[in-house]
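In: Based on what follows, work out the 3D shape:
(one chain, ligands or ions: 1)
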Amino acid sequence: MAYSSHDILGFDYIQKYVGNARHTTYYYCGLYGFEIAGYMGPETGVRDRVSYLLKQNELLLAVTAPIVPDHAIHTFLSKHGDGVREITFKVKDVYEAHRYALEHGAENFRDPAREKDSHGTFIRGSLKIYGDTILTLTDRSNYTGLIPGYQPYEGVQVTRQHTNLLRIDHIVGNVETGKMDYWASWFEDKLDLETFVHFDKGDISTQYSALVSKVVRSKNTAVRLPINEPAEGLKKSQIEEYLDVNYGPGVQHIAIETDDILHSIAAMRDNGVEFIPTPSSYYDVIQERAAGIPESLTELERLSILMDKDERGYLLQLFTQPVGDRPTLFYEIIQRRGCDGFGQNNFQALFEAIEREQAKRGNL
Ligand code: FE2
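Out: The predicted model follows:
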């Protein structure tokens, strides 16, 4: 049957390349509440790298580090530092979707293949997308395990408080000036996604920096991918800073859904996660916007949670500080109550806060 983006079933796993997989694992377990669900490395017959598979509800995060010299992963790391190498969509038919993408001009990274083990058959194939990121299409409909190649982890779990993080809501890419339209069209042409919203110059700007953004999604809304590019500002835009220190485009943030953001943020703060500070003036500004929501504004302010709404409902969200050594990848924690926006009205408040951090690094 012919492929369409209605065949995209949702996000699957994320793979990060890191300098030290064991240490990164402790970070995500201790602070974000993941558990170690699988391991591969020399003990399981893999000689060139170590990878831990971290799980929390529907979230699957693979953290992978090379353990031999001259490994291809070193090339990624020496350029970008720790970062997202692979994002994945679950699809109905990997072969059909991959063939459709190549027929429409996508660059192949890995041909679709069946991987069989005692849990069944896992199918995946990959395409190249922005920067050194790959997009993998998976079919786990005949697979009862997590990801092939990982063995059960027998060591000590280091999870602290559970944080109730459920699943990926959206994944955001930063691309070079002039490339946002290219990548939005890429997802439309190669994978039949559609452009859903477009934030133009003037929508999202501060005195110092600006960005433009387009959001593409599958026609069944199972996956959403905002794409940012820098816009001309008086000083260096935060997207430009990302592109400079990441040495090119890549994944900027991953938004993770929770159904109890007050608990999630309180637990994460307790565990030691640092979030972007929200100016206290923000809660005066949103008083009217937040009228009638069940969450108390005092609680939201105590935890610095942001709120936005549209005609359909509202959302609560908060952004972490960058998680690595460079100001590149960060996370967003989001709870939706009807609203399917991205917190556009918070961009202004957020950017002002981000720019204060950028100024501290001397990059503004
Ligand atoms: Fe976001």
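In: okay, and for the stretch 101-250 of the chain, where does confidence drop off?
Out: Where the stretch 101-250 of the chain drops to pLDDT under 70, the residues are 201-209, 234-235.
In: Quick one: the helices in it, in order.
Out: 180-191, 238-245 (DSSP state H, counting those that start in this stretch).
In: Relative to the ion, tell me which of those wins on proximity.
Out: With distances scored as C-beta to the ion, the stretch of those nearest to the ion is helix 238-245 (13.3 Å). C-betas here are computed from N, CA, C, even on glycine.
In: The ion contacts on this protein?
Out: Contact residues (C-beta under 5 Å from the ion) of the chain with the ion: 255, 332.
In: domains of the chain?
Out: Described in terms of automatic domain parsing, the domain architecture of the chain consists of the residue ranges 5-152, 167-360.
In: gap between the two ends of the last one?
Out: Terminal residues of domain 167-360 lie 33 Å apart, using C-alpha to C-alpha, to the nearest Å.
In: For the residue nearest in space to the middle of the chain, what is the enclosing helix or strand?
Out: Centrality entry for the chain: nearest residue to the mean C-alpha point is Ile254, 2.0 Å, by C-alpha atoms, centre = their mean. When secondary structure is defined by DSSP states H and E, Ile254 falls within strand 250-257.
In: same for that strand, what does it pack against?
Out: Counting contacts by 3 or more C-beta pairs under 8 Å, 6 or more residues apart in numbering; DSSP states H and E, strand 250-257 is packed against strand 83-91, strand 167-174, helix 238-245, strand 330-337.
In: The last one relative to strand 250-257, how many degrees between them?
Out: Just to be clear, that refers to strand 330-337. Using axes from the mean of the first three to the mean of the last three C-alpha atoms, to 10 degrees, the inter-axis angle of strand 330-337 relative to strand 250-257 is 30 degrees.
In: And for the nearest residue to Thr221 once chain neighbours are set aside, the neighbour number?
Out: Counting by C-beta to C-beta, 6 or more residues apart in numbering, the nearest residue to Thr221 once its immediate chain neighbours are dropped is Asp340, at 7.6 Å. A total of 15 residues lie near Asp340 under the criterion other C-beta atoms under 10 Å.
In: and Asp340, what does it touch?
Out: Counting by C-beta atoms under 8 Å, 6 or more residues apart in numbering, Asp340 makes contact with 221, 310, 312.
In: Please tell me how far it sits from the ion.
Out: According to C-beta to the ion, to the nearest Å, Asp340 stands 12 Å off from the ion.
In: secondary structure class for that residue?
Out: Three states are possible here, and by DSSP: H, G, I helix; E, B strand; the rest coil the one that applies to Asp340 is coil.
In: Would you confirm that the residue nearest to the centre of the chain contacts Glu332?
Out: Yes - taking C-beta atoms under 8 Å as the contact criterion, Ile254 and Glu332 are neighbours in contact, 7.3 Å apart.
In: Between the two ends of stretch 59-76, what distance do you get?
Out: Using C-alpha to C-alpha, the span of stretch 59-76 from its first residue to its last is 24 Å.
In: If you count neighbours, what's buried in that stretch?
Out: Residues of stretch 59-76 classed as buried: 59-66, 73, 76 (neighbour count, 16 or more other C-beta atoms under 10 Å).
In: Give me the subset of those lying in strands.
Out: When the buried residues of stretch 59-76 are checked against strands using DSSP state E, the ones located there are 59-66.
In: Using TSV, lay out these together with pLDDT.
Out: As requested, these are arranged in TSV below (pLDDT from 0 to 100):
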residue	pLDDT
Leu59	98
Leu60	98
Leu61	98
Ala62	98
Val63	98
Thr64	98
Ala65	98
Pro66	98
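In: Which one of those residues is nearest to the ion?
Out: Distance to the ion across these (C-beta to the ion) is lowest for Leu59, with 15.8 Å.
In: So that closest one sits against Leu165, correct?
Out: Yes - between Leu59 and Leu165 there is a contact at 6.0 Å, judged by C-beta under 8 Å.
In: Give me the common contacts of these two.
Out: Among the neighbours of Leu59, those also in contact with Leu165 (C-beta under 8 Å, 6+ apart) are Ile256.
In: ok, which stretches of the stretch 1-150 of the chain are strands?
Out: Under the criterion DSSP state E, counting those that start in this stretch, the stretch 1-150 of the chain carries strands at the ranges 8-17, 35-40, 49-56, 59-66, 83-91, 108-117, 120-128, 134-143.
In: Tell me which of these sits nearest to Tyr247.
Out: In terms of C-beta to C-beta, the element of the strands of the stretch 1-150 of the chain nearest to Tyr247 is strand 83-91, at 10.3 Å.
In: Okay, now the sheet partners of the closest one, with direction.
Out: Paired neighbours of strand 83-91 in the sheet (DSSP bridges): strand 8-17 (antiparallel), strand 134-143 (parallel).
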